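*Asks:* Quick check, what structure comes out for this input:
(chains A, B, C and D)
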Protein chains: 2
Amino acid sequence: MVVQSLVETTSAAIQEHDAQDAAPSPRRRRKDARPSELTAAALDLFVEKGFAATRLDDVAARAGVSKGTLYLYFDSKEALFKAVIEEGIVPALAAAEQQLAGYQGTSAGLLQALLNGWWQQIGNTHLGGVVKLIISESRNFPDAAQYYHDHVIVRGRSLLRAALNRGIATGEFREMNVESCIDVAIAPLLMLVIWRYSLCFCGNDIDPAEFLRTHVDLLVNGLQRKETNQ
Amino acid sequence: MVVQSLVETTSAAIQEHDAQDAAPSPRRRRKDARPSELTAAALDLFVEKGFAATRLDDVAARAGVSKGTLYLYFDSKEALFKAVIEEGIVPALAAAEQQLAGYQGTSAGLLQALLNGWWQQIGNTHLGGVVKLIISESRNFPDAAQYYHDHVIVRGRSLLRAALNRGIATGEFREMNVESCIDVAIAPLLMLVIWRYSLCFCGNDIDPAEFLRTHVDLLVNGLQRKETNQ
DNA sequence: AAATTTACTGACCAGTCAGTCAGTAAATTT
DNA sequence: AAATTTACTGACTGACTGGTCAGTAAATTT
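*Replies:* Model (predicted):
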């Protein structure tokens, strides 16, 4: 495995960005920057066209190198795919971990902070593409899907579970099936991301901010105790 | 274009179902049944592997014919794809149309009936695969995605819009951004279907019935008026 | 039962693309 | 400045697959 410490090298070495210059650019030599440039290009194309329909020539061209160079850094197309997923997961985890740290306030506010934070730091960034990619290719790459599931989804569910149990313990929320609530709370976020990379291009424009506000509003109101129960 | 009136011929002629018989079955001649058999096989494989990764030889084999036969009924791989989508949409529309017809009762009940009905008649059937397929391939087939969007999604949103406006008009629901509510209400259903065809195979088992119950419960409670407003 | 039509087959072709590697040029060392 | 190392290139190949079509056999007509 050639890939390591991809994320750090990204911002360190972006100087020239003449990938698709017509002029035969003087052959650049930037070993450290290549992997992240290649995975970034690959993510874009994988999300847009899917894994099978993406040509490695196109990935290399978008990264401004030849296909041969791609094979200096990744053993195979599949290895490139897994690197894309892995690189997309690490920042997601980092973002998630620092969310719940010592939050003070209502559980409703905590819930809102978690959902908004996820959107700001993952859903609304280019990391969101990873979600669609995993969904689309999970059957072709069950181990990558499993990896994503175990590391991202399970952990994200834990965060929400904590917030929900906290609210129920304090009496702020009514008793509910917590596990189902977790899934119901996450689903609109995932759907919003998926939407942005699929049907969004059919002219339907969902306003993410308004969508999120409505979702959190409905969710919190739905969870809170009230006199007229059902 | 060879494809026409696929849906009608479907139920008309399903008699023998020996697609993957080991014995060299005596060459069958069933012109009318072929198209739907082929689209059914194609749907399965497209959903599982994606369009590009699906071999037409495999589609034909699953339908119990040779690849040459496939080309007697469909002009190209892309034509097959579009037939799959089209055949998946028609029943969805039929199911949707007969939902709202003269419903009596609370708007909450109507909402619940709409969501449950969609799940029963579309999400929980093999038609659900079409949703994942559209999502995954929308960028590769923008016109098919547009078609699906215009005919299925827009119409589905109209049904929900009517239910929500009805509830607001009667005072049962509070004032809200109706358009966002529609999307938030649909998202978990779509996500549930997508889940069943993707990450579901990672060992995570969502109970659809419980998920739906929780979603409807939260949604209705979130929509209803209450004293302690926010 | 001979002739014709119809549904179907599977070997084949042509284009595509993942993966290879001998060669090139920039950088570094001597 | 010569020698060596390193990053990179792009032409090539072999396998694969969408699409074709001459041929076959069941059904139908004569």
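*Asks:* so what's A:His151 up against?
*Replies:* Residues near A:His151 by Cβ atoms under 8 Å, 6 or more residues apart in numbering or on different chains: A:Ile89, A:Leu93. Placement of C-beta: from N, CA and C, glycine included.
*Asks:* and A:Asn140, backbone torsions?
*Replies:* With angles defined as degrees, to the nearest 10, A:Asn140 sits at phi -80, psi -20.
*Asks:* Looks like it contacts B:Val47 (just checking).
*Replies:* No: the pair A:Asn140 and B:Val47 fails to qualify as a contact (Cβ atoms under 8 Å) at a distance of 11.6 Å.
*Asks:* Looking at these two, which is more packed in?
*Replies:* Between A:Asn140 and B:Val47, counted using other Cβ atoms under 10 Å in any protein chain shown, the more crowded position is B:Val47 (22 against 17).
*Asks:* Quick check: closest non-adjacent residue to that one.
*Replies:* Computed as Cβ to Cβ, 6 or more residues apart in numbering or on different chains, the closest residue to B:Val47 that is not its neighbour in sequence is B:Gly129, at 3.9 Å.
*Asks:* Can you tell me the number of residues neighbouring that neighbour?
*Replies:* Neighbourhood size, B:Gly129 [other Cβ under 10 Å]: 20.
*Asks:* helix or strand for it, which one?
*Replies:* In the assignment (DSSP states H and E), B:Gly129 maps to helix B:128-137.
*Asks:* one step back: which residues sit in contact with the residue nearest to B:Val47?
*Replies:* Counting by Cβ under 8 Å, 6+ apart, B:Gly129 has contacts B:Leu43, B:Asp44, B:Phe46, B:Val47, B:Gly88, B:Tyr197.
*Asks:* Contacts (any at all) between DNA strand C and whatever helix or strand the third one lives in?
*Replies:* This means B:Phe46. For B:Phe46, the element it lies in under DSSP H and E is helix B:34-49. Yes: Helix B:34-49 is in contact with DNA strand C by Cβ under 7 Å from any atom of the strand, via B:Arg34.
*Asks:* From DNA strand C, how far out is the nearest residue to A:Asp44 once chain neighbours are set aside?
*Replies:* Once flanking residues are discounted, A:Asp44 sits nearest to A:Arg62: 6.9 Å by Cβ to Cβ, 6+ apart. Distance from A:Arg62 to DNA strand C, counting by Cβ to the nearest atom of the strand, to the nearest Å: 13 Å.
*Asks:* got it, and A:Leu189?
*Replies:* 32 Å.
*Asks:* now A:Ala42
*Replies:* The gap separating A:Ala42 from DNA strand C is 11 Å, by Cβ to the nearest atom of the strand.
*Asks:* do the same with A:Ala53
*Replies:* Distance from A:Ala53 to DNA strand C, by Cβ to the nearest atom of the strand: 7 Å.
*Asks:* Break chain A into its domains for me.
*Replies:* With domains defined by automatic domain parsing, chain A comprises A:6-74, A:84-223.
*Asks:* Any idea how far the longest one is from the middle of the chain?
*Replies:* On the basis of Cα atoms, centre = their mean, to the nearest Å, domain A:84-223 is displaced by 10 Å from the centre of the chain it belongs to.
*Asks:* tell me the average confidence for it?
*Replies:* Regarding domain A:84-223, the rounded mean pLDDT is 91.
*Asks:* That one and DNA strand D, any residue contact?
*Replies:* No: judged by Cβ under 7 Å from any atom of the strand, domain A:84-223 stays clear of DNA strand D, getting no closer than 12.1 Å.
*Asks:* start to end distance for that domain?
*Replies:* In domain A:84-223, first residue to last residue: 37 Å (Cα to Cα, to the nearest Å).
*Asks:* Need the nearest residue in space to A:Asp150, chain neighbours excluded.
*Replies:* Distances taken as Cβ to Cβ, 6+ apart place B:Cys202 nearest to A:Asp150, at 7.8 Å, with adjacent residues excluded.
*Asks:* Just confirm the one you found contacts A:Ile135, I think it does.
*Replies:* No: between B:Cys202 and A:Ile135 there is no contact under Cβ under 8 Å: 11.4 Å.
*Asks:* Of the contacts of B:Gly129, grab the buried ones for PyMOL.
*Replies:* A single PyMOL command selects the buried members of those (16 or more other Cβ atoms under 10 Å in any protein chain shown):
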select buried, chain B and resi 43+44+46+47+88+197
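*Asks:* Show me the two of the contacts of B:Gly129 that sit farthest apart.
*Replies:* With Cβ to Cβ as the measure, no two of these lie farther apart than B:Gly88 and B:Tyr197, at 13.0 Å.
*Asks:* what about A:Leu127, distance to DNA strand C?
*Replies:* Applying Cβ to the nearest atom of the strand to A:Leu127 and DNA strand C gives a distance of 24 Å.
*Asks:* Enumerate every residue touching that residue.
*Replies:* A:Gly88, A:Pro91, A:Ala92, A:Gln121.
*Asks:* Which of those fall in strands?
*Replies:* Among the contacts of A:Leu127, no member falls in strands (criterion: DSSP state E).
*Asks:* Now, of the residues you listed, which are buried?
*Replies:* Those of the contacts of A:Leu127 that meet the buried threshold are A:Gly88, A:Ala92, A:Gln121, by 16+ other Cβ under 10 Å.
*Asks:* which non-adjacent residue is nearest the last one?
*Replies:* Right, the one you point to is A:Gln121. Distances taken as Cβ to Cβ, 6+ apart place A:Ala95 nearest to A:Gln121, at 4.0 Å, with adjacent residues excluded.
*Asks:* Now for the one you found, how many residues are close by?
*Replies:* Neighbour count for A:Ala95, taken as other Cβ under 10 Å: 16.
*Asks:* That one in helix, strand or coil?
*Replies:* Here A:Ala95 is helix, with the state taken from DSSP: H, G, I helix; E, B strand; the rest coil.
*Asks:* Return the distance of the residue nearest to A:Asp150 relative to A:Phe141.
*Replies:* 11 Å (Cβ to Cβ, to the nearest Å).
*Asks:* What's the per-residue pLDDT of the residue of chain A found nearest DNA strand D here?
*Replies:* At 1.9 Å from DNA strand D, A:Gly68 is the closest residue in chain A, using Cβ to the nearest atom of the strand. As predicted, A:Gly68 sits at a pLDDT of 96.
*Asks:* With the one 10 residues further on instead?
*Replies:* The predicted structure scores A:Glu78 at 97 on the pLDDT scale.
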